[in-house]
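Chemist: how would this look folded up:
(one chain, ligands or ions: 1)
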Amino acid sequence: MSNDAFNHASRRKFMKNSSILAGGLIAAPFISRANYFSGAGDEIKIVLVGCGGRGTGAAIQALMSKQNVKLVAMADAFRDNLDNCLKSLLEEAKNDGKGLEKKIDVPEDRKFTGFDAYKKAIALADVVILTTPPGFRPIHFEEAIAQNKHVFMEKPVATDPAGIQRVLAAAQIAKQKKLNVVVGLQRHYQNSYRELFKRKDMIGDITSAQAWWNNDGVWVRPRKAGQTEMEYQMRNWYYFNWLCGDHINEQHIHNIDVINWFKGSYPVKAQGMGGRQVRKGKENGEIFDHHYVEYQYADGSILNSQCRHIPGTSSKVDELLIGTKGKIFCGAGKIVDSKGNPIYQYDMKGENNPYQTEHDELFAAIVKGEYKFADADNGAFSTMTSILGRMATYSGQVIAWDKAINSGIDIHPKVYAWDAPTPIVPGPDGYYPIAVPGVTKFV
Ligand SMILES: NC(=O)c1ccc[n+]([C@@H]2O[C@H](COP(=O)([O-])OP(=O)(O)OC[C@H]3O[C@@H](n4cnc5c(N)ncnc54)[C@H](O)[C@@H]3O)[C@@H](O)[C@H]2O)c1
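Modeler: The predicted structure follows:
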């Protein structure tokens, strides 16, 4: 089956599932304030769901877009995180010196906390910013679309195939409702990548690619006395798959997504290897510290992807595409012919801040009443590519895309509550079970 045929076959299935939901919409045409801003004077109410590092940045970027945007509500699982975020936002807004703080209006009755906080905040929005750990993205995105809101949501958009299916189904409804959805795979909004993409035919057919996210790794949030297991995992979320999906999903998705984007398709299968060599304490939960995955696309081309979180090793975060007529070095903004002669060089002086551009373009479209952004499908398929890689490295098996995405695997808790059981628990020694290639089945 050709690459496109493969992907269309997969998509047809989602369309079939989601058309049942979409049917009601066709019968009752959608009318929402969110779709009908009449001009630059209209105030656009935004709410922030997930008030951590990225949420703080994304909220500021939304407020700094040239449109009349106001932050009216915030939601977080934890009150201390919400308070710290609001404090940082107000400080940053004041430092900006342009009256940005007037665009922040979050009184006590519009601060929501706990697992259900998102629903109450979303109800008050025109545009929702979703920046929690990715495990919650499917339910939050579903709710935002059900409540007829435009969305900016961070990558990745899920941590398991069940979550991917929910995002794909909600994405279909978003299209029906003409709700703009931007996903924070910001290389799509970065000038150098956009210019390279326009010129990808200069290298002929892409026959192989390489992608890297190798660096030291991220924070650990130590266990504190009195925390339930649920609270501990929610705080130290990077190390638990139901919340994070492993670092191949959490960060390496950026590079994998670039290869999918330039290829114009998604892999049909993957095999690989990985483990935890250095980052293997109790506080490191269940994730690996390195993965190496060979993805194969339907046309036989290969993506060699590697990600490593090990201090003291060489760092590289980049992508390389190799074609029948040349190569694209993404990080360097350079294209060479098959003999290695430069044939295009992006002038890095023209580089933008893609995190800002995402918001500038999203809010400009909303103000003009344009339906311009439908990033959720690609966000879901690129997230699925990362999950496929994790399944391959954990199991040591060759994993087929179709089987994986349709597996129904759901690694989430049955109930979200502070005293509810977590999907993974430590043993008596405090260590969590770790995947063992050759033993671990398809997770
Ligand atoms: N595009 C990028 O380059 C980029 C950069 C950084 C982070 N991110 C993404 O942003 C997301 C958040 O990352 P971060 O670094 O801000 O993490 P963080 O830990 O700083 O913030 C996450 C926040 O979400 C809150 N939260 C957790 N579960 C919640 C729930 N169910 N409801 C409401 N709030 C909840 C947490 O309490 C925390 O305040 C991740 O998906 C990450 O991949 C993207």
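Chemist: H412 belongs to a strand, doesn't it?
Modeler: No: going by DSSP: H, G, I helix; E, B strand; the rest coil, the assignment for H412 is coil, not a strand.
Chemist: center of the chain - which residue?
Modeler: By C-alpha atoms, centre = their mean, the chain has its centre lying nearest to K155, at 1.0 Å.
Chemist: how about the helices in this protein?
Modeler: For the chain, helices defined by DSSP state H occupy the ranges 3-27, 53-64, 79-96, 117-122, 137-146, 161-177, 191-198, 229-235, 247-250, 253-263, 354-367, 376-395, 401-405.
Chemist: any chance of the ones you listed in CSV, with distance to the ligand and mean pLDDT too?
Modeler: All C-beta spots, glycine's among them, are computed from the backbone N, C-alpha and C. Formatted as CSV, the helices of the chain follow (distance: least, C-beta to the nearest ligand atom, whole Å; pLDDT from 0 to 100):
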stretch, distance to the ligand, mean pLDDT
helix 3-27, 22, 34
helix 53-64, 3, 98
helix 79-96, 3, 96
helix 117-122, 5, 98
helix 137-146, 7, 98
helix 161-177, 12, 98
helix 191-198, 13, 98
helix 229-235, 6, 98
helix 247-250, 5, 98
helix 253-263, 7, 98
helix 354-367, 7, 98
helix 376-395, 10, 98
helix 401-405, 20, 98
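Chemist: I'd like these as CSV, with distance to V220 and mean neighbour count appended.
Modeler: Listed next are the helices of the chain as CSV, based on distance: least, C-beta to C-beta, whole Å; neighbours: other C-beta atoms under 10 Å:
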stretch, distance to V220, mean neighbour count
helix 3-27, 37, 14
helix 53-64, 15, 21
helix 79-96, 17, 16
helix 117-122, 25, 22
helix 137-146, 23, 23
helix 161-177, 25, 23
helix 191-198, 32, 18
helix 229-235, 10, 19
helix 247-250, 13, 28
helix 253-263, 21, 24
helix 354-367, 25, 20
helix 376-395, 20, 27
helix 401-405, 30, 19
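Chemist: I253 reaches G184, doesn't it?
Modeler: No: under the criterion of C-beta atoms under 8 Å, I253 is not in contact with G184, lying 10.2 Å apart.
Chemist: Quick check: neighbours shared by these two?
Modeler: K155 (C-beta atoms under 8 Å, 6 or more residues apart in numbering).
Chemist: Could you list the domains of this structure?
Modeler: 3-187+355-375, 205-351+384-405 (automatic domain parsing).
Chemist: Can you check which of those domains gets nearest to I424?
Modeler: domain 205-351+384-405 (5.8 Å; C-beta to C-beta).
Chemist: ends of that closest one, how far apart?
Modeler: This stretch, domain 205-351+384-405, spans 27 Å end to end (C-alpha to C-alpha, to the nearest Å).
Chemist: any idea how far it is from the chain center?
Modeler: Centre-to-centre, domain 205-351+384-405 and its host chain are 13 Å apart (C-alpha atoms, centre = their mean, to the nearest Å).
Chemist: coming back round to it: tabulate the domains of the chain (CSV), appending distance to Y431.
Modeler: Converted to CSV, these look like this (distance: least, C-beta to C-beta, whole Å):
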stretch, distance to Y431
domain 3-187+355-375, 21
domain 205-351+384-405, 5
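Chemist: Out of these, which is closest to E195?
Modeler: Taking those one by one with C-beta to C-beta, domain 205-351+384-405 is closest: 5.1 Å.
Chemist: hmm, stretch 311-319 in reach of the ligand?
Modeler: No: with C-beta under 6 Å from any ligand atom as the criterion, the ligand is not reached by stretch 311-319; the gap is at least 10.6 Å.
Chemist: Flag every buried residue along that stretch.
Modeler: E319 (16 or more other C-beta atoms under 10 Å).
Chemist: how about that stretch as CSV, C-alpha atoms only?
Modeler: Output in CSV follows, covering the C-alpha atoms of stretch 311-319 (Å, rounded to 0.1, in the frame of the first residue of the first chain):
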residue,chain,number,x,y,z
PRO,A,311,24.4,14.3,31.6
GLY,A,312,28.0,14.5,30.3
THR,A,313,27.2,13.1,26.9
SER,A,314,27.3,15.1,23.6
SER,A,315,24.3,17.3,23.0
LYS,A,316,22.4,17.6,19.8
VAL,A,317,18.8,18.6,19.0
ASP,A,318,18.4,18.6,15.2
GLU,A,319,17.0,17.0,12.0
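Chemist: hmm, who's touching that stretch?
Modeler: Here stretch 311-319 has contacts from 209-217, 254-255, 258-259, 278, 329-331, using C-beta under 8 Å, 6+ apart.
Chemist: what does stretch 93-105 give?
Modeler: I60, L63, M64, V69, K70, L71, V72, L86, L89, L90, E92.
Chemist: Hmm, I46 is touching V69, no?
Modeler: Yes: I46 is within contact range of V69, at 5.7 Å (criterion: C-beta under 8 Å).
Chemist: Kindly point out which residues are neighbours of both of these two.
Modeler: A62, L63, V127.
Chemist: quick check, nearest of those to K200?
Modeler: Nearest member of those to K200, counting by C-beta to C-beta, is A62, at 30.8 Å.
Chemist: Let me see the backbone angles for P428.
Modeler: Torsion angles at P428 (phi, psi; degrees, to the nearest 10) stand at phi -60, psi -30.
Chemist: For it, list the residues it contacts.
Modeler: No contacts exist for P428 under C-beta under 8 Å, 6+ apart.
Chemist: State the phi and psi torsions of L243.
Modeler: phi -90, psi -40.
Chemist: Get me the contact residues on the stretch 201-350 of the chain for the ligand.
Modeler: So far as C-beta under 6 Å from any ligand atom goes, the stretch 201-350 of the chain lies against the ligand at M234, E250.
Chemist: Report the residue spans of the stretch 201-350 of the chain with pLDDT below the cut-off.
Modeler: By pLDDT under 70, the stretch 201-350 of the chain contains no weakly predicted segment.
Chemist: re the thing from before, so I46 and V69 - more neighbours on which side?
Modeler: I46 (28 against 24; other C-beta atoms under 10 Å).
Chemist: Tell me which residue in the chain sits closest to the ligand.
Modeler: G52 (1.7 Å; C-beta to the nearest ligand atom).
Chemist: so how many other residues sit close to that residue?
Modeler: Neighbours of G52 (other C-beta under 10 Å): 19.
Chemist: need the contact list for it.
Modeler: Here G52 is in contact with D76, N81, C85, T131, T132 (C-beta under 8 Å, 6+ apart).
Chemist: Done for today, thanks.
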